[in-house]
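Undergrad: One predicted model, sequence on top.
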Amino acid sequence: QLQLVESGGGLVQPGGSLRLSCAASGFTLNYYAIGWFRQAPGKEREGVSCINRSGGSTNYADSVKGRFTISRDNAKNTVYLQMNSLKPEDTAVYYCAASGSCSRSEYDYWGQGTQVTVSS
């Protein structure tokens, strides 16, 4: 079964940090660009960051630039999203997804999501 599994979410105070992981099973992440998305209650899903197959190219939403860092370890078949200086507005369910390219709008595989709550 081909799937992505996110982990690492939780409750954190404003200014804190979390590292999300996106692990693949049933297929090799090396062949895919991986994007992170988030969806807050009552809001549309938004793209947060994307990393290309080699890890040599990344992009970020303006709202997270300078605070979030995406990386990948192809040997571990895992992509990470390091989130620092978290704000209450970062609260959302975070999803990872696999695509042929960060420039594509279609994603082939999605994870089930992990909740991130930033609150004091």
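TA: Nice, thanks for sending it over.

Undergrad: Partner strands of the helix or strand where Ile34 lies and their direction?
TA: Assigned by DSSP states H and E, Ile34 belongs to strand 33-39. Strand pairing for strand 33-39, using DSSP bridges, gives strand 46-51 (antiparallel), strand 92-99 (antiparallel).

Undergrad: List the buried residues of that strand.
TA: Of the residues in strand 33-39, those buried by neighbour count under the rule 16 or more other Cβ atoms under 10 Å are Ala33, Ile34, Gly35, Trp36, Phe37, Arg38. All C-beta spots, glycine's among them, are computed from the backbone N, C-alpha and C.

Undergrad: same check, this time on stretch 80-96
TA: Buried, per 16+ other Cβ under 10 Å, within stretch 80-96: Tyr80, Leu81, Met83, Leu86, Asp90, Thr91, Ala92, Val93, Tyr94, Tyr95, Cys96.

Undergrad: what do you get for stretch 53-71?
TA: Neighbour-count burial for stretch 53-71 flags Arg53, Gly55, Thr58, Tyr60, Val64, Phe68, Thr69, Ile70 (criterion: 16+ other Cβ under 10 Å).
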